[in-house]
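Undergrad: Output the structure for:
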Amino acid sequence: MILPARNHSPRAGWMVPKCFVGQGNTFAIPRALVVISALLCGSLVTADAIAQQSACGTQQTAIDYAFSSGAMWSLCLMVEESHGLTITSASYRAPGDSQRNVLQLAHIGQVLLHYHDEPDPIPQLDVAHHQERQSQGSDVLSMNDNTCAGTVLDMNDHPAAVCARVRDNRTLAKYAQRPSLHSRSLELSSAFQRDTLTWTVSFTFTEDGQVSPGLGLSGRASRTLADSRYSQTVAAHLPPLVRATVLATWRLVFDLDTPAIDTIEQYEFPLDAADGNRRPMQVTTLTTERQLRANRETFRGWRIVDASGAGYYLDPANNGFSYTHPRMHWPGYELALTRLKPCERFAAGNATVSLASRTESSTAESSPVCGLSLDDFVNGESLQGAPPVVWYGQSRVLDPHREHWPVIRNVRLTFDLLPFDWTASSPFEPVD
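TA: Numbering: from 1, shown residues only. Purely as a prediction, here's the structure:
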């Protein structure tokens, strides 16, 4: 792993090795230092992997992490004031395989916080608001040894803004009587503050190629109300805390390995009572912009696939809540598909085209028309000829209890993107 030149002291129980990180263009690393990095990280990062850093933009940081199995993730990232951590490209190499593109862009696309005593939610990502208060300082929080059980990374615009840590993951493979193989994962996270609340955006990249975006809520619950219809008593000596619903919507632009534009397929397994209660698989290719709900009766899921048949599968199995609003159509759907336009960045409170992200080319579309929300973005356009954008939403209810005072705990939304048909057999252990 290429990690930072910061001089943070290891803490007791620190699981992440001290390695190196490069920002922007390629830089030279002494051979002895690379060898030390290899010993600590469990594998040697090759000169080819180091050279890939030049593919990142000047405002972005490059990370290459090689697991002991030979699997490797290479990616570019940055932190933006409006929404925190952004992955600007990511590629994965399975052991013995070539490096394959996975993501072109990924970031949180909006967070709605709806207190139950109010008629409307509060968008936590408000670009116009942050432009107005730029002179008042940053809402991006700096990491330190108390908030990051790993390595703290500097971003060009935000020092100490990202926490990188390597964690033990689930079982990787188990064959016959052989001992099971356990995997590890690389987690990158950043945090920003809104009033008394702290939002932590994370991306986890596993040894076997999975990607898990996540959003965590912490900080202090400061909204109180005596009306028990909307609030919850946490302790006799404390004022009741107002309940709230959190809706997190992610914006994901895939860039799978083949040059052809990726396609989106919907998978369903409806019960066929006439055929012995079997569940035949139904696959539908989605070719136009649309909004879709999860269907728990048919186990509906979606696959992003390239021309070779390899792809990633999004299973909404852990999305057990729903959120609707009478004046907004899009929150009632778990998934939306749109044609890539650089100005369509946030599911609500979207800014004008002049605020196009530094991570996307403003010339990708000729004078793109920008809307205010997903309700404007989704208008039936064809997904042919341009990368599709996957918008995926999850909601949770914050029902305050004693453990949420004085600091909110254990409120987290996450989902998995599972690699599908990337190799003909497991690359981690050959089958005899």
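Undergrad: Show me what the one helix or strand residue 166 maps to is packed up against.
TA: Here residue 166, judged by DSSP states H and E, is contained in strand 162-173. If you count contacts as 3 or more CB pairs under 8 Å, 6 or more residues apart in numbering; DSSP states H and E, strand 162-173 packs onto strand 61-66, strand 151-153, strand 181-194. C-betas here are computed from N, CA, C, even on glycine.
Undergrad: Find the nearest non-adjacent residue to residue 231, please.
TA: Distance criterion CB to CB, 6 or more residues apart in numbering; nearest residue to residue 231, sequence neighbours excluded, is residue 240 at 3.7 Å.
Undergrad: Hmm, residue 221 and the one you found touching each other?
TA: No - applying CB atoms under 8 Å as the test, residue 240 and residue 221 come out as separate, 10.5 Å apart.
Undergrad: quick one: residue 89 and residue 401, what's the gap?
TA: Distance, residue 89 to residue 401, using CB to CB, to the nearest Å: 41 Å.
Undergrad: Also residue 274?
TA: For residue 274, the distance to residue 401 - CB to CB - is 47 Å.
Undergrad: When those two are compared, which one has more neighbours?
TA: The neighbour comparison of residue 274 against residue 401 (other CB atoms under 10 Å) goes to residue 401, with 14 against 7.
Undergrad: Next, the contact list for the more buried one, please.
TA: 232, 234 (CB atoms under 8 Å, 6 or more residues apart in numbering).
Undergrad: where exactly do the strands run in the stretch 101-250 of the chain?
TA: For the stretch 101-250 of the chain, the strands defined by DSSP state E, counting those that start in this stretch occupy 122-123, 151-153, 162-173, 181-194, 197-206, 211-219, 231-232, 241-242, 244-254.
Undergrad: Relative to residue 62, which of those is closest?
TA: strand 151-153 (10.9 Å; CB to CB).
Undergrad: Could you spell out the sheet neighbours of the closest one, each with its direction?
TA: When sheet partners are counted by DSSP bridges, strand 151-153 sits next to strand 162-173 (antiparallel).
Undergrad: Can I get the strand it pairs with as PDB, trimmed to CA atoms?
TA: Output in PDB follows, covering the C-alpha atoms of strand 162-173 (Å, rounded to 0.1, in the frame of the first residue of the first chain):
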ATOM      1  CA  VAL A 162      -9.200  10.800   5.300                       C
ATOM      2  CA  CYS A 163      -8.800   7.800   7.500                       C
ATOM      3  CA  ALA A 164      -7.400   4.700   5.900                       C
ATOM      4  CA  ARG A 165      -7.500   1.400   7.700                       C
ATOM      5  CA  VAL A 166      -7.200  -2.300   6.900                       C
ATOM      6  CA  ARG A 167      -9.700  -4.600   8.600                       C
ATOM      7  CA  ASP A 168     -10.300  -8.300   8.800                       C
ATOM      8  CA  ASN A 169     -13.200  -9.300   6.600                       C
ATOM      9  CA  ARG A 170     -15.400 -12.400   6.200                       C
ATOM     10  CA  THR A 171     -14.400 -15.800   5.000                       C
ATOM     11  CA  LEU A 172     -12.800 -15.700   1.500                       C
ATOM     12  CA  ALA A 173     -12.900 -19.400   0.500                       C
END
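Undergrad: Please identify the buried residues of it?
TA: 162, 163, 164, 165, 166, 169, 172, 173 (16 or more other CB atoms under 10 Å).
Undergrad: Save those residues as TSV, and put in pLDDT and distance to residue 324 too.
TA: Shown next, in TSV, are those (pLDDT from 0 to 100; distance: CB to CB, whole Å):
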residue	pLDDT	distance to residue 324
162	97	35
163	97	35
164	97	37
165	96	37
166	96	39
169	84	35
172	78	40
173	75	42
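Undergrad: Now distance to residue 299 too, for those residues, in CSV please.
TA: Listed next are the buried residues of strand 162-173 as CSV, based on distance: CB to CB, whole Å:
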residue, distance to residue 299
162, 36
163, 35
164, 35
165, 33
166, 33
169, 25
172, 25
173, 25
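Undergrad: so which of the residues you listed comes closest to residue 210?
TA: residue 169 (8.6 Å).
Undergrad: quick one: contacts for that closest one?
TA: 182, 183, 184, 185, 206, 207.
Undergrad: Can you give me the neighbour number for the last one?
TA: In this case it means residue 207. With other CB under 10 Å as criterion, residue 207 counts 27.
Undergrad: pretty sure it contacts residue 183?
TA: Yes - shown here, residue 207 and residue 183 form a contact pair, counting by CB under 8 Å, at 3.9 Å.
Undergrad: Find residues that contact each of these two.
TA: 67, 69, 169, 172.
Undergrad: Same list, these, but as a markdown table with distance to residue 283 please.
TA: A markdown table is the format used below for the shared contacts of residue 207 and residue 183 (distance: CB to CB, whole Å):
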| residue | distance to residue 283 |
| --- | --- |
| 67 | 32 |
| 69 | 32 |
| 169 | 29 |
| 172 | 28 |
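Undergrad: wait, residue 162 sits on residue 143?
TA: Yes - counting by CB under 8 Å, residue 162 does reach residue 143; the two are 7.0 Å apart.
Undergrad: list residues touching both of those two?
TA: Common neighbours of residue 162 and residue 143 (CB under 8 Å, 6+ apart) are 152, 190.
Undergrad: Averaged pLDDT, stretch 401-419. What do you get?
TA: Mean pLDDT, stretch 401-419: 88.
Undergrad: how about low-confidence regions in the stretch 1-150 of the chain?
TA: 1-54, 128-136 (pLDDT under 70).
Undergrad: just the helices in it please.
TA: For the stretch 1-150 of the chain, the helices defined by DSSP state H, counting those that start in this stretch occupy 31-41, 47-51, 127-132.
Undergrad: what do you get for the stretch 301-432 of the chain?
TA: Counting by DSSP H, counting those that start in this stretch, the helices of the stretch 301-432 of the chain are 374-377.
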